[in-house]
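A.B. asks: what follows is a protein structure lacking sequence information:
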């Protein structure tokens, strides 16, 4: 009997579960869309119960679709959103909603951290202060002190779901090393929490989860969770990684000099390197650990860049292919129309006052101009990231692997390739976070050129 592995990607727009056989070929998959809760400006949350439910439901649907025997499932691994957090009590019950990376309520705490120790935070965590764990922890401490007092640990969605699947207590809470750069109070180089930063901002070390490797077995399915998933009690659950780290590994970014573009909800541009060189000068690039020891995947990203494309599609009442057809014949620069893609504030470098806009609109601009300008705006941001990465890494970037839903657009790939002056190569598989390899496709050719 074949052995199977289950990979779960807890994304912003939805949860995707894939079942792979021992050769790495996909047997089945299932997807469930997310419900983003936005009750007021700047607030973006998700229900912890919905996060957990989406995982157990898609696991059950995937193994049923693939006719996979529960006894043949060897393990479950998860990746997911990296910059948001939620709080759990001693018994691993959620005491806060999931505070999404798209939530901007912590802007005052971002300013507080920058003014108190901005450069020191970058030097130790590898990342500038942004809409991530540190400011979010301080927001709960400052704005919801009664809730904060009941929080035993702050965890990521993957750790929360794993905790419920395995019946963990707060002592078993964890964060894997690929997400530490978002920690706010971490010492990324030494893979631990920084006593210095925790003391500076008055955060108790006991509220921070243990740091583990992505391949660490963090627990085993309880009988109740196994019944919900359609699996056997005792099935191992592995810590997993952040979605960008899992995506880069699945894309084969495993040696210095390889660059990749994640054209997803967040538009991410990254380069694989073998040294830690935090961006204290420009305060733009986030130095994240790779899943693989000794490697780093420094990156810059647009907070919701992919959402800008969906927004303009919906606003113009079109579809992606039709809009691309209208945009393709237009000249580079969209006839002097420029788009700023920072609907939720700029993250890299952080500036909450920079917001989305079109500049240079005239009566001659069409739907195609608007659509092309959105794609070009993302490309111009990438050009800044590339320049900083080239300087800090000391290496040229000649080719970029592109993955994510946006990688299916030949026009989008060509626009970014032209702006960056590099070759863009779209992988055969657009979604590599759960290592999604369809059984019916021949994967011997790892990528196909786009443009």
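C.D. replies: Happy to help now that I have it. Since the structure is predicted, the reported quantities are computational estimates derived from the model, not experimental observations.

A.B. asks: so residue 76 makes contact with residue 234?
C.D. replies: No - with contact defined as C-beta atoms under 8 Å, residue 76 does not count as touching residue 234 (11.7 Å). From N, CA and C alone the C-beta is placed, and that goes for glycine too.

A.B. asks: more crowded one of those two?
C.D. replies: A direct count of neighbours by other C-beta atoms under 10 Å for residue 76 and residue 234 places residue 76 higher, at 25 against 11.

A.B. asks: got the contact list for that one?
C.D. replies: Contact analysis of residue 76 by C-beta atoms under 8 Å, 6 or more residues apart in numbering lists 5-6, 8, 59, 165, 221, 231, 235-238.

A.B. asks: which neighbours do residue 76 and residue 234 have in common?
C.D. replies: Shared contacts of residue 76 and residue 234, defined by C-beta under 8 Å, 6+ apart, comprise residue 221.

A.B. asks: which other helices and strands contact whatever helix or strand residue 124 lives in?
C.D. replies: Using DSSP states H and E, residue 124 sits in helix 107-125. If you count contacts as 3 or more C-beta pairs under 8 Å, 6 or more residues apart in numbering; DSSP states H and E, helix 107-125 packs onto helix 133-143, strand 186-187, helix 195-200.

A.B. asks: by how many degrees do it and helix 133-143 diverge?
C.D. replies: Interaxial angle, helix 107-125 versus helix 133-143 (axes from the mean of the first three to the mean of the last three C-alpha atoms, to 10 degrees): 140 degrees.

A.B. asks: so for helix 107-125, what gets flagged as buried?
C.D. replies: Counting neighbours by 16 or more other C-beta atoms under 10 Å, one finds that the buried residues in helix 107-125 are 107, 109-110, 112-114, 117-118, 121-122, 124-125.

A.B. asks: if we can go back for a sec, okay, and which of the contacts of residue 76 map to helices?
C.D. replies: Using DSSP state H, the subset of the contacts of residue 76 located in helices is 59, 165.

A.B. asks: which pair in the contacts of residue 76 spans the largest distance?
C.D. replies: By the measure C-beta to C-beta, 5 and 165 form the most distant pair in the contacts of residue 76, at 15.3 Å.

A.B. asks: neighbour count winner among these two?
C.D. replies: A direct count of neighbours by other C-beta under 10 Å for residue 5 and residue 165 places residue 165 higher, at 27 against 19.

A.B. asks: for residue 242, see how far away that one is.
C.D. replies: Going from residue 165 to residue 242 by C-beta to C-beta, to the nearest Å gives 18 Å.

A.B. asks: likewise for residue 269?
C.D. replies: 16 Å.

A.B. asks: same question, residue 210
C.D. replies: Using C-beta to C-beta, residue 210 is found at 16 Å from residue 242.

A.B. asks: more neighbours: which of those two?
C.D. replies: Neighbour count, other C-beta under 10 Å: between residue 210 and residue 242, residue 242 has more, with 29 against 15.

A.B. asks: for that one, give me phi and psi.
C.D. replies: phi -70, psi 150 (degrees, to the nearest 10).

A.B. asks: picking that back up, so which of the buried residues of helix 107-125 comes closest to residue 329?
C.D. replies: Among those, and counting by C-beta to C-beta, the member closest to residue 329 is residue 107, at 41.1 Å.

A.B. asks: nearest residue to the closest one in space, please, no chain neighbours.
C.D. replies: Excluding the flanking residues, the one nearest residue 107 by C-beta to C-beta, 6 or more residues apart in numbering is residue 352, at 4.6 Å.

A.B. asks: repeat for residue 212
C.D. replies: Closest to residue 212 by C-beta to C-beta, 6+ apart is residue 174, at 4.7 Å.

A.B. asks: return the residues in contact with residue 167.
C.D. replies: Residue 167 makes contact with 92, 219, 222, 225 under the criterion C-beta under 8 Å, 6+ apart.

A.B. asks: strands along the stretch 151-300 of the chain, start to end?
C.D. replies: 153-155, 174-176, 186-187, 192-193, 210-212, 217-220, 236-242, 259-263, 267-271, 299-302 (DSSP state E, counting those that start in this stretch).

A.B. asks: same question, the stretch 301-450 of the chain
C.D. replies: Shown for the stretch 301-450 of the chain, the strands assigned by DSSP E, counting those that start in this stretch span residues 338-340, 357-359, 399-403, 423-427, 447-449.

A.B. asks: tabulate these (a markdown table), appending mean pLDDT and mean neighbour count.
C.D. replies: Shown next, in a markdown table, are the strands of the stretch 301-450 of the chain (pLDDT from 0 to 100; neighbours: other C-beta atoms under 10 Å):
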| stretch | mean pLDDT | mean neighbour count |
| --- | --- | --- |
| strand 338-340 | 97 | 19 |
| strand 357-359 | 97 | 14 |
| strand 399-403 | 89 | 22 |
| strand 423-427 | 87 | 21 |
| strand 447-449 | 29 | 12 |
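
A.B. asks: let me have these in a markdown table, adding distance to residue 196 as columns.
C.D. replies: A markdown table is the format used below for those (distance: least, C-beta to C-beta, whole Å):
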| stretch | distance to residue 196 |
| --- | --- |
| strand 338-340 | 36 |
| strand 357-359 | 39 |
| strand 399-403 | 37 |
| strand 423-427 | 41 |
| strand 447-449 | 43 |
